[in-house]
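> Just to be clear, the model below is a prediction. Sequence and coordinates:
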Amino acid sequence: MAGLCASQVAGDKLSGYNKAGIFAGTYVALHLNDRTALRLELDYIQKGSRHNADSSKNNLNSYIIRLGYVEMPFILQVRYGKKIIAEVGPAMSFLLHSYEAINKGEIFNDVQYGFKKQNLSIIAGVSYAVNERVSVGLRTNNSLNSIRVNKKVDGYRQRFGTFGQFNDVLLFNLSYKL
């Protein structure tokens, strides 16, 4: 599987899926019957947030968070007809690298504001089978717990009873079955 993603960080006081990234992975599937399957994936996904300076709006500040994860989704797929597949399931992410900068200067390299090494997400999506081997899909991938170590900073959101910052990703993918 390979694809492109657009992401944002809920709770960073910005809005919009303005950070582009890549997605690549592989999977194995266990078909339970003609309509349902369980799928275990091993993926690399780039997440984060971006705000570019805009002199026309007198906003000269820029901000970026780049996060690279190895992710292990466990997906339940249900086929509707011959072409449409709905999917949902949890994913555990492991942080490989992180970078955060404001106005092109690196910031927040201390433990107090750092990023957690693991993150639990929920995935939901739909794909369209072009033929027996190729499908295209759209997914949403949303954090269930905060991506930050420190949970008490202005602007943080509440999600599922916890405060913090959360990854939200829209993912467009192309999948090829061997």
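Arrived safely, thanks for sending.
> So which helix or strand of the chain has the lowest pLDDT on average?
Sorting the helices and strands of the chain by mean pLDDT, DSSP states H and E puts strand 105-106 at the bottom, at a mean of 64.
> Which SSE is immediately downstream of it?
Heading C-terminal from strand 105-106, the first helix or strand you meet, by DSSP states H and E, is strand 118-129.
> Which elements pack onto that following strand?
Applying 3 or more C-beta pairs under 8 Å, 6 or more residues apart in numbering; DSSP states H and E, one finds that strand 118-129 makes contact with strand 63-80, strand 84-102, strand 134-143, strand 166-176. In short, each C-beta sits where N, CA and C put it, glycine included.
> cutoff 7 Å now
strand 84-102, strand 134-143 (3 or more C-beta pairs under 7 Å, 6 or more residues apart in numbering; DSSP states H and E).
> Partner strands of it, with direction?
Taking DSSP bridges as the criterion, strand 118-129 pairs within the sheet with strand 84-102 (antiparallel), strand 134-143 (antiparallel).
> Now do it: everything it contacts.
Strand 118-129 is contacted from outside by 73, 75, 82-94, 135-145, 147, 167, 175, using C-beta atoms under 7 Å, 6 or more residues apart in numbering.
> how about a cut-off of 6 Å?
For strand 118-129, contacts defined as C-beta atoms under 6 Å, 6 or more residues apart in numbering pick out 73, 83, 85-94, 135-145, 147.
> how close does residue 30 get to residue 40?
Separation of residue 30 from residue 40 (C-beta to C-beta, to the nearest Å): 8 Å.
> Revised request: answer the last question for residue 49.
Going from residue 49 to residue 40 by C-beta to C-beta gives 29 Å.
> Over to residue 157?
Per C-beta to C-beta, residue 157 is found 30 Å from residue 40.
> hang on, the earlier thing: the more surrounded of residue 49 and residue 40?
Legend: neighbour count by other C-beta atoms under 10 Å for residue 49 and residue 40, higher for residue 49 (26 against 14).
> Which residues are in contact with residue 58?
Counting by C-beta under 6 Å, 6+ apart, there are no residues that residue 58 touches.
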